[in-house]
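1. pasting the structure only:
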């Protein structure tokens with residue numbers, strides 16, 4: 001038997017690779033001679049850097065960068081074994097979970113640290129970037145990131161504007177004479193699963209501003225400033241389009257990538273499945289195993305396990321999913337390529353017990369063993 005495992009992390013409990021190793025253990029208890037391969041899986045969100053970097057033989061790198069409130073923080077990104085591909089999560093430098101709720105204020109939060117991570121990777125020889133932009137604390141239109149890359153985002157006195165969305169109010173001109181030269185040789189695949197434009201009723205300020213600490217008056221101000229910024233960007237680059245789906249992602253960071261770098265916005269899971277070449281592994285498998293922490297009705301909305309199942313069904317492979325828990329509406333997964341799914345909990349336990357890594361690993365291996373015993377009959 002040849003089994004391919006590609007399971008998303010069980011957040012707070014098992015990483016993608018840890019969950020995969022537990023599944024492999026369960027299979028080998030039953031099929032001693034099985035060929036079992038664990039492939040990294042993520043959807044562009046939290047855990048993507050670790051899953052892809054370690055799973056693809058790369059190295060993690062920790063750098064000191066500017067945090068969302070201007071303080072120095074430690075941020076981690078990955079460089080794959082090819083030496084030219086970097087895996088970056090913007091939330092490592094500008095994530096909303098880095099700021100206590102009472103201190104969240106998008107007028108002040110910056111993406112400067114994201115640019116510093118990218119700049120460091122460029123200096124290390126990277127020219128191809130996979131960037132997850134979920135979970136931001138910012139609404140600065142990506143101006144902070146662009147400043148770190150050398151763009152002049154200048155006020156009326158030709159000085160760099162302030163950090164945060166408040167800097168957009170000061171922005172009067174854009175220059176590129178100090179941009180790091182290697183940026184023109186870089187390509188960016190941006191994991192973006194939202195379609196919000198930059199401005200308006202469905203723009204980043206109105207939709208995501210409140211969770212980042214914005215009041216109604218701040219939302220109206222930031223939306224106006226972003227419109228002004230978009231006009232300046234269009235004068236600088238005629239292809240800058242604030243209406244393009246996804247430009248409102250991460251407080252306008254999607255717009256900055258599209259307007260000032262060689263970037264494309266794509267489905268997070270689509271990028272990851274392509275970059276990991278999962279299809280090449282699946283096409284020769286006898287069975288494919290996937291899953292995530294919680295299987296529910298939202299899983300079918302473009303989440304990682306469904307991406308795996310879609311590839312598997314292209315080749316007529318059976319797909320089994322395991323999860324920390326499942327909900328009644330998880331039955332929708334059966335209509336989208338997952339032939340059967342199983343929760344791994346063995347008895348009634350507290351949430352803390354269920355989330356314990358050792359317990360989760362044991363529960364996963366034990367559940368997998370029983371399913372594969374049935375398959376062997």
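-> That came in fine, so what should we check first? Since the model is a prediction, treat every value here as computed from it, not as a measurement. Numbering: from 1, shown residues only.
2. the stretch 201-350 of the chain: strands as residue ranges?
-> 263-266, 287-295, 319-326, 340-343 (DSSP state E, counting those that start in this stretch).
3. of all those, which one is nearest residue 31?
-> Ranking those by proximity to residue 31 (Cβ to Cβ) places strand 287-295 first, at 10.0 Å. C-beta here means a position set from N, CA and C on the backbone, and glycine is covered the same way.
4. could I get the average pLDDT for that closest one?
-> Averaged across strand 287-295, the pLDDT comes to 96.
5. check which helices and strands that strand sits against.
-> Other helices and strands packing on strand 287-295, by 3 or more Cβ pairs under 8 Å, 6 or more residues apart in numbering; DSSP states H and E, are strand 2-5, helix 16-30, helix 304-314, strand 319-326, strand 340-343.
6. ok, which of these comes nearest residue 360?
-> Per Cβ to Cβ, nearest to residue 360 of the helices and strands packed on strand 287-295: strand 319-326, 6.9 Å.
7. hang on, the earlier thing: next, format the strands of the stretch 201-350 of the chain as JSON lines and append mean neighbour count and distance to residue 33.
-> Formatted as JSON lines, the strands of the stretch 201-350 of the chain follow (neighbours: other Cβ atoms under 10 Å; distance: least, Cβ to Cβ, whole Å):
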{"stretch": "strand 263-266", "mean neighbour count": "18", "distance to residue 33": "39"}
{"stretch": "strand 287-295", "mean neighbour count": "25", "distance to residue 33": "15"}
{"stretch": "strand 319-326", "mean neighbour count": "24", "distance to residue 33": "19"}
{"stretch": "strand 340-343", "mean neighbour count": "16", "distance to residue 33": "24"}
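8. Throw these into TSV and include distance to residue 274, thanks.
-> Below are the strands of the stretch 201-350 of the chain laid out as TSV (distance: least, Cβ to Cβ, whole Å):
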stretch	distance to residue 274
strand 263-266	9
strand 287-295	16
strand 319-326	19
strand 340-343	25
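9. now do the helices in the stretch 201-350 of the chain.
-> 204-208, 216-236, 253-260, 268-275, 278-282, 304-314 (DSSP state H, counting those that start in this stretch).
10. what's the most buried one of these?
-> helix 253-260 (a mean of 28; mean count of other Cβ atoms under 10 Å).
11. and the angle from that helix to helix 216-236?
-> Relative orientation of helix 253-260 and helix 216-236, computed by axes from the mean of the first three to the mean of the last three Cα atoms, to 10 degrees: 10 degrees.
12. show residues contacting helix 253-260.
-> Helix 253-260 has contacts (Cβ atoms under 8 Å, 6 or more residues apart in numbering) with 90, 111, 114, 131, 133, 136, 138, 141-143, 145-146, 149, 151, 188, 190, 192, 198, 230, 233, 236-237, 239-242, 244, 246-248, 263, 265.
13. any chance of the helices and strands packed on strand 287-295 in JSON lines, plus mean pLDDT and distance to residue 352?
-> Converted to JSON lines, those look like this (pLDDT from 0 to 100; distance: least, Cβ to Cβ, whole Å):
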{"stretch": "strand 2-5", "mean pLDDT": "98", "distance to residue 352": "27"}
{"stretch": "helix 16-30", "mean pLDDT": "96", "distance to residue 352": "18"}
{"stretch": "helix 304-314", "mean pLDDT": "96", "distance to residue 352": "25"}
{"stretch": "strand 319-326", "mean pLDDT": "96", "distance to residue 352": "13"}
{"stretch": "strand 340-343", "mean pLDDT": "97", "distance to residue 352": "17"}
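14. how about these, which one is nearest residue 284?
-> strand 2-5 (6.5 Å).
15. mind listing what the closest one pairs with, with the direction of each?
-> Paired with strand 2-5 in the same sheet, following DSSP bridges, are strand 35-38 (parallel), strand 287-295 (parallel).
16. out of those, nearest to residue 213?
-> Closest to residue 213 of the strands paired with strand 2-5 is strand 287-295 (Cβ to Cβ; 27.6 Å).
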